[in-house]
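> all I have is the shape, not the residue letters:
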Ligand SMILES: Nc1ncnc2c1ncn2[C@@H]1O[C@H](COP(=O)(O)OP(=O)(O)OP(=O)(O)O)[C@@H](O)[C@H]1O
Ligand SMILES: [Mg+2]
């Protein structure tokens, strides 16, 4: 997937930007608050996903004083030249090859990207929900069926939680609860199965990237941590469902006491270790950055394998806190993809062969 033309107007501090990107590396450097992240954010929005920044209302994205933003790109994917257009204002509207889409989310799958931003560092340091979201968003891109399973699980969980509160006052509801337990266990089993398989693939890909970045000095280990404590067994899926169901039953009295489902796929975690140590407690800033980068580049590999099309890689402010050898590995490793990199220091990229370096100031490319 390669963008051959990009136009951004009235998006954040970008009044009017026109760019013919290089098909490999595109570096945007400049002082703070010039619009580098804004540029990357605009490209990311073309995937149909929400911004990777905390945005209260999408109206915030429109340039102060303007009525609407417009982001347009021509790109090559699925063997042909395509066009995408996004308008943001009162509403967000997307067009793909001049066809208005029902919703911007319909762009997913047509234009794909992976993004690293410093806000993703919380993938390492924050609680398990960020890591589950990372796994689930990868899986949603690989398999539309997964999104359905996930929303069915979430609905069943809401119903079960409501019943858990009522069961205290009418014990005959326990029979109804059992029906939800069976359905929830079946759905949890499907989710866990998909997540475990993804973690295996991530381990393989992120393992290679991480040891490359770290120059072979250290390795990353990823494992799926099931809150119900039932290891996934590929050979006997019905048996696995049964075990999850039994565990849920075992925890029933606690669930009734707290009025919520205390354990399940919604409480699981992705354990990330460096040399056997939990990265949540022990990773340095540079290591955390390397971990998130490895996960994101692994995601890009897995999406490429699943869709046959290599996502655009967006790296916002990735180079700071990486030492020279980590930076060099990264630059060499990502050259198969079209990459957009932002940074403050131009000096990091001296000697860049396959790409362009542009300075950004006050929302404009110089
Ligand atoms: N809706 C908007 N209209 C106009 N300007 C905006 C809007 N939203 C944000 N900005 C401005 O955009 C600028 C920030 O741009 P951006 O985050 O892209 O900077 P940056 O170049 O990535 O800086 P840093 O190096 O600090 O990360 C800020 O000055 C901010 O006020
Ligand atoms: Mg920035």
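Alright, I've got the coordinates. Since we're looking at a predicted model, the values are computed, not measured. Ligands and ions are numbered 1, 2, ... in the order given.

> walk me through the domains of this structure.
2-112+310-365, 124-280 (automatic domain parsing).

> the ones you listed: which one's closest to residue 300?
For residue 300, the closest of those is domain 2-112+310-365, at 5.2 Å, according to C-beta to C-beta. Every residue, glycine included, has its C-beta placed from N, CA and C.

> helices of the chain, residue ranges please.
36-45, 122-125, 128-142, 144-167, 174-213, 237-250, 252-258, 279-282, 285-307, 324-333 (DSSP state H).

> circling back: for residue 298, find the nearest of the domains of the chain.
From the domains of the chain, taking C-beta to C-beta, the stretch that ends up closest is domain 124-280, at 3.5 Å.

> quick one: average confidence on the closest one?
Average pLDDT, domain 124-280: 93.

> same check, this time on stretch 10-26
Here the average pLDDT along stretch 10-26 is 97.

> re earlier: which of the helices of the chain sits closest to ligand 1?
helix 36-45 (3.3 Å; C-beta to the nearest ligand atom).

> which strands and helices lie in contact with that closest one?
strand 2-11, strand 14-19, strand 25-29, strand 69-77, strand 113-116, strand 312-316, strand 339-343 (3 or more C-beta pairs under 8 Å, 6 or more residues apart in numbering; DSSP states H and E).

> and the ones you listed as a markdown table, adding distance to residue 217 and mean neighbour count?
Shown next, in a markdown table, are those (distance: least, C-beta to C-beta, whole Å; neighbours: other C-beta atoms under 10 Å):
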| stretch | distance to residue 217 | mean neighbour count |
| --- | --- | --- |
| strand 2-11 | 34 | 19 |
| strand 14-19 | 38 | 17 |
| strand 25-29 | 26 | 22 |
| strand 69-77 | 37 | 20 |
| strand 113-116 | 22 | 23 |
| strand 312-316 | 22 | 25 |
| strand 339-343 | 24 | 24 |
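
> quick one, which of these is nearest to ligand 1?
strand 339-343 (6.0 Å).

> now the closest one, how far from the chain's geometric center?
Relative to the chain's own centre, strand 339-343 is displaced by 17 Å; criterion: C-alpha atoms, centre = their mean, to the nearest Å.

> same list (the helices and strands packed on helix 36-45) but as a markdown table, adding distance to residue 158.
Output for these, formatted as a markdown table (distance: least, C-beta to C-beta, whole Å):
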| stretch | distance to residue 158 |
| --- | --- |
| strand 2-11 | 37 |
| strand 14-19 | 41 |
| strand 25-29 | 43 |
| strand 69-77 | 35 |
| strand 113-116 | 30 |
| strand 312-316 | 34 |
| strand 339-343 | 39 |
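
> the domains of the chain into CSV, with extra columns for distance to ligand 1?
Formatted as CSV, the domains of the chain follow (distance: least, C-beta to the nearest ligand atom, whole Å):
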stretch, distance to ligand 1
domain 2-112+310-365, 3
domain 124-280, 20
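
> residue 23 is in contact with residue 340, correct?
No. Counting by C-beta atoms under 8 Å, residue 340 stays clear of residue 23, with 11.8 Å between them.

> give me the number of residues near residue 230?
20 (other C-beta atoms under 10 Å).

> can you pull the contacts of it?
Taking C-beta atoms under 8 Å, 6 or more residues apart in numbering as the contact definition, residue 230 lies against 240, 243-244, 247.

> may I ask which of those has the most neighbours?
Neighbour-wise, the contacts of residue 230 (other C-beta under 10 Å) top out at residue 244, 25 neighbours.
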